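Visitor: here is a sequence with its predicted model. Questions after.
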Amino acid sequence: MSESGLPEPLDLEIDLLMGMRCDERLKAAKLKELGVSQEEAKRIEKGVDKYIRFGRDQFENTRSILRVPATEEENPSLTYRLTLWPDFDFVVTSQAGRHWWMARFVRASNSSRPDMSSPATLDPWSVCIQDFENESGTLRSTDAFPPWEEFVFEAADGVSYGADFSYGLLQEIDYFPERASQ
């Protein structure tokens, strides 16, 4: 946190990390890279959550934390290049400049997506929903409770997969061989 008590941009990224549904070993490895303990990460998460909880100031507080200049748009959005996930931007759109309408990881314009021809080999955090939409075109939602979403899709080879996302970033791929086309 800054001297003013406002969380730093990296604090918000740690908050996003802590809220993801992923293998806890992934979180631990990312925290270790940062030199942040699990206890410190939980403390950071609580501090950030006070600023970005749902409400009339959620979007403005997020904008302040990320140091993104304000705009005069009726339904503003912000885009922030992530440090922990450098191939992605974090995009937040608001409802009348108050609360988050949508908050998602999207592929950064200078980043290319990995080969997606074999979905079962994709690593967590390597692709976003937008990448899947661009690759396969059809994701069928099976469950959504933002920021978590689950989809099923059929790969080019006719095999069905399930994909779990947090903030639009891939967390896990499930393979359904029994659903493979004959």
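Guide: Done, it's in.
Visitor: what ranges do the strands span in this structure?
Guide: Per DSSP state E, the chain carries strands over the ranges 77-81, 88-95, 99-107, 140-145, 148-154, 160-166, 169-176.
Visitor: and the ones you listed: which comes nearest residue 131?
Guide: strand 99-107 (5.8 Å; CB to CB). Every C-beta, even on glycine, is put in place using the N, C-alpha and C of the backbone.
Visitor: run the angle between the closest one and strand 169-176 for me.
Guide: 70 degrees (axes from the mean of the first three to the mean of the last three CA atoms, to 10 degrees).
Visitor: re earlier: lowest-confidence stretch among the strands of the chain?
Guide: When the strands of the chain are compared by mean pLDDT, strand 140-145 comes last with a mean of 83.
Visitor: and it with strand 160-166, angle?
Guide: 30 degrees.
Visitor: so what strands line up beside strand 140-145?
Guide: strand 148-154 (antiparallel) (DSSP bridges).
Visitor: how far does the strand it pairs with sit from its chain's centre?
Guide: 15 Å (CA atoms, centre = their mean, to the nearest Å).
Visitor: residue 71: which of the strands of the chain is closest?
Guide: That would be strand 77-81 among these, by CB to CB, at 8.3 Å.
Visitor: make TSV out of the strands of the chain and add distance to residue 7 and mean neighbour count.
Guide: Formatted as TSV, the strands of the chain follow (distance: least, CB to CB, whole Å; neighbours: other CB atoms under 10 Å):
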stretch	distance to residue 7	mean neighbour count
strand 77-81	13	17
strand 88-95	14	20
strand 99-107	16	18
strand 140-145	24	10
strand 148-154	22	18
strand 160-166	19	20
strand 169-176	20	17
